[in-house]
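Student: turn this into a structure:
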Amino acid sequence: MKSILYFLPLFILTTFISCNDDETPQIVEETGPLEASIQQNVSYGNDGQQVYDVYLPANRSIDKTKVIILVHGGGWVEGDKADINEFISLIQQNNPNHAIVNMNYRLAVIPSTPAFPNQFLDVDAVINKLTNERETLQILPEFGLIGLSAGAHISLQYDSVYDTDDQVKFVADIVGPCDFTDPFYANDPNFNLALGIFVDESQYPPNTDFAVALSPALQVSANTSPTIMFYGNQDELVPLTNGETLNTALETNEITHQYTVYDGGHGNWNPTQFEDVEAKLTAFIHAHLAIQ
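Tutor: Presented below is the predicted three-dimensional model:
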């Protein structure tokens with residue numbers, strides 16, 4: 001005679017199914033905390049330049065792990081995400097529970113590849129891809145943008161014009177050009193020529209004033225995200241008046257912001273000043289992209 005233990009498992013399984021024919025038993029697999037992970041040169045478009053690196057923290061989850069996106073500079077025509085790799089460990093040290101994305105975007109090539117709106121749309125494509133993959137990556141699709149120089153311009157413009165779903169929670173602007181109507185640019189015939197070449201006019205309404213339309217300081221509204229700004233008072237590439245115009249626009253629209261001016265040029269500041277950038281930026285991230 002077979003032991004009752006032989007039939008017991010079959011009896012339990014049969015009883016369960018007969019009592020609930022419409023439901024399939026669910027097997028729940030227990031998994032431990034996720035380990036930190038790095039994915040490099042993840043493609044987000046058809047162009048070879050449309051790639052990013054993503055740094056995922058340990059113990060991340062879709063309920064809490066928000067994302068910081070880095071946008072490099074280079075005058076819209078050059079530069080690479082590798083140029084700012086040194087910032088990754090620094091951000092991880094101060095924000096260990098955030099995911100970090102370091103992105104490339106399509107660089108302008110005259111006359112074949114325009115900068116605008118391509119580079120704004122590239123930020124949008126990165127955010128959309130990360131949002132769509134939030135369960136796989138285990139991230140919460142809320143974002144902060146940290147841009148340097150041209151990357152700051154791209155970040156500011158994206159936030160005020162393209163972020164219709166309010167997924168961007170803050171922007172850090174490090175020496176970003178943001179007002180092309182400034183006499184510094186408007187009175188430079190070479191810059192105006194370049195601006196015209198950089199734009200895909202077919203993507204904008206007829207008779208668009210591109211100096212205005214592409215100036216983030218002139219696009220600020222009540223929907224603009226909290227913004228932290230860092231400028232140099234001896235910058236030969238981006239005049240301090242750009243920072244002042246943006247600061248005034250943020251004040252007028254009652255947007256939370258911080259504005260710091262250093263003695264120095266286009267980001268070539270001394271170690272004490274960079275420590276100040278680090279401290280202020282870390283506090284701003286904790287305030288506006290907090291991990292609960």
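
Student: which ones are touching L237?
Tutor: Taking C-beta atoms under 8 Å, 6 or more residues apart in numbering, we find L237 in contact with 149, 175, 177, 265-266. (Each C-beta comes from the backbone N, C-alpha and C, glycine too.)

Student: ah, wrong one, I meant K129
Tutor: In this structure, K129 makes contact with Y44, judged by C-beta under 8 Å, 6+ apart.

Student: just checking, what packs against the top helix by length along the chain?
Tutor: Ordering each helix of the chain by length in residues (DSSP state H) puts helix 271-288 first. Using 3 or more C-beta pairs under 8 Å, 6 or more residues apart in numbering; DSSP states H and E as the contact criterion, the secondary-structure elements in contact with helix 271-288 are helix 86-94, strand 143-148, strand 168-174, strand 227-232, strand 257-262.

Student: let's go with 6 Å and repeat that
Tutor: Helices and strands in packing contact with helix 271-288 are listed as strand 168-174; criterion 3 or more C-beta pairs under 6 Å, 6 or more residues apart in numbering; DSSP states H and E.

Student: within its sheet, name the partner strands of the strand it packs on and how each one runs.
Tutor: strand 143-148 (parallel), strand 227-232 (parallel) (DSSP bridges).

Student: F284 is nearest to which of the ones you listed?
Tutor: For those, proximity to F284 was assessed by C-beta to C-beta; strand 227-232 is nearest, at 4.6 Å.

Student: hang on, the earlier thing: any chance of the strands paired with strand 168-174 in TSV, with mean pLDDT and distance to A108 too?
Tutor: Rendered in TSV, the data for those read as follows (pLDDT from 0 to 100; distance: least, C-beta to C-beta, whole Å):
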stretch	mean pLDDT	distance to A108
strand 143-148	98	16
strand 227-232	98	24
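
Student: now render those strands as CSV, adding mean neighbour count and distance to Q40.
Tutor: As requested, the strands paired with strand 168-174 are exported to CSV (neighbours: other C-beta atoms under 10 Å; distance: least, C-beta to C-beta, whole Å):
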stretch, mean neighbour count, distance to Q40
strand 143-148, 26, 19
strand 227-232, 25, 28
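
Student: now those strands as JSON lines including distance to T208?
Tutor: Converted to JSON lines, those look like this (distance: least, C-beta to C-beta, whole Å):
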{"stretch": "strand 143-148", "distance to T208": "23"}
{"stretch": "strand 227-232", "distance to T208": "24"}
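
Student: can you give me the buried ones in stretch 263-274?
Tutor: By 16 or more other C-beta atoms under 10 Å, the buried positions in stretch 263-274 come out as 264-267, 269, 273.
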